[in-house]
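**Q** Curious how this folds, go ahead:
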Amino acid sequence: MRSLLQNIRELVASRQLIGVMTRREVAARHAGTALGVLWPYLQPLLSVAAYYLVFDIVFSMRLGDGAKTHAVGTFLIVGALPWMAFCDAVARGMGSLLEAGAMLQKNPLPPVLFPVRSVLASSIIFGPLMLLVALCYTPLHHMQWGVLALLPLMAMQLLMTVLLAYALAIFAAALRDTVQVVGFALSVGIYLTPILFPVSMFPAQWRWLLWLNPMASYVQGYQSILLQGQWPDWPVWLGGLVWIVLLAVVVNLLVRRSRDQLVDWL
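**A** Below you'll find the model as predicted:
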């Protein structure tokens, strides 16, 4: 794991630069708009508000007995917001090296800075929104001790997303088709995540497919925390940890193999 450890040392040494780059990334997302910094927060908020309005208020749709809550919109919001954060961070992180190609060819900056910057910028936007949802869901979880699991679970998702975005950024530099393939996977991946349905509604013999999606365990964890105020079960933590370890191994291999060719690919 020497290549990955070297990247970690580079990140620590460049932590002030990462802070500056992240702030500029966030600012660039709303540059020239009338509402300014409100736009990155307003868009996902309007999306989750639409779920609540349509499913819970207009249609008053309800889930079955196996769900952690019966209100459909309330259930959707808990999984949809982390999924939006995941998709936004992965998509932006995947293209970060391609966008920084000219800069990397002229400056000897560590390539890892750019996917990390993109993922951190997304977390600055979606992290506070998750905390806001947790506050709004107080009548459901009653601020029980299980709510304390929200922060470590969000931290694990952040780490997993950084590793995945970095791996995909290297793949995209080597093969541009990666962007199209991953974009399609993100658009259909929501159907292999227990966001639109509780796990109990998924056929038992096919539930193992859900674990092929790195966000499946996190979504189930958020549902336990925000809908029930319970500490997530051990499979949630184990599933997240397995994905982190697997991605760390893949990133280490990719960094070692691409070290001499990466700038040329860009």
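**Q** Centre-most residue in the protein?
**A** Centroid-nearest residue in the chain: residue 86, 2.2 Å away (criterion: Cα atoms, centre = their mean).
**Q** For residue 126, see how far away that residue is.
**A** 9 Å (Cβ to Cβ, to the nearest Å). Just so you know, the C-beta spots here come from the backbone N, C-alpha and C atoms, and that holds for glycine as well.
**Q** what comes up buried for stretch 41-48?
**A** Across stretch 41-48, burial judged by 16 or more other Cβ atoms under 10 Å covers 41, 44, 48.
**Q** My read is that the first one contacts residue 124, right?
**A** It stands for residue 41. No. Assessed by Cβ atoms under 8 Å, residue 41 is found out of contact with residue 124, at 9.9 Å.
**Q** So what does residue 42 have for phi and psi?
**A** phi -70, psi -40 (degrees, to the nearest 10).
**Q** roughly how far apart are it and residue 124?
**A** Applying Cβ to Cβ, the value for residue 42 to residue 124 is 15 Å.
**Q** Kindly report the same for residue 155.
**A** To residue 124, residue 155 is 14 Å away according to Cβ to Cβ.
**Q** the more surrounded of the two?
**A** residue 124 (15 against 12; other Cβ atoms under 10 Å).
**Q** Not counting its neighbours along the chain, what's nearest the more buried one?
**A** Nearest residue to residue 124, sequence neighbours excluded (Cβ to Cβ, 6 or more residues apart in numbering): residue 26, at 5.7 Å.
**Q** Next SSE downstream of the helix or strand hosting residue 246?
**A** Under the criterion of DSSP states H and E, residue 246 resides in helix 234-258. Once helix 234-258 ends, the next helix or strand along the chain (criterion: DSSP H and E) is helix 262-265.
**Q** contact partners of that next one?
**A** For helix 262-265, the surrounding residues in contact (Cβ atoms under 8 Å, 6 or more residues apart in numbering) are 97, 101, 104-105, 111, 170, 173-174, 258.
**Q** Going by neighbour count, which of the residues you listed comes out on top?
**A** residue 97 (27 neighbours).
**Q** which SS state does it fall under?
**A** helix (DSSP: H, G, I helix; E, B strand; the rest coil).
**Q** list the contacts for it?
**A** 104, 111, 114-115, 169-170, 172-173, 262, 266.
**Q** From these, which land in helices?
**A** Among the contacts of residue 97, DSSP state H puts 104, 114-115, 169-170, 172-173, 262 in helices.
**Q** Quick check: of these, which lies closest to residue 229?
**A** When those are compared for distance to residue 229 (Cβ to Cβ), residue 115 comes out closest, at 34.5 Å.
**Q** count of neighbours near the closest residue to that closest one other than its chain neighbours?
**A** In space, and not counting its chain neighbours, residue 115 is closest to residue 93: 4.1 Å by Cβ to Cβ, 6+ apart. Look at residue 93: counted by other Cβ under 10 Å, it has 28 neighbours.
**Q** which element is residue 93 on?
**A** Assigned by DSSP H and E, residue 93 falls within helix 72-94.
**Q** Who are the packing partners of that helix?
**A** helix 38-51, helix 113-136, helix 150-174, helix 177-189, helix 216-228 (3 or more Cβ pairs under 8 Å, 6 or more residues apart in numbering; DSSP states H and E).
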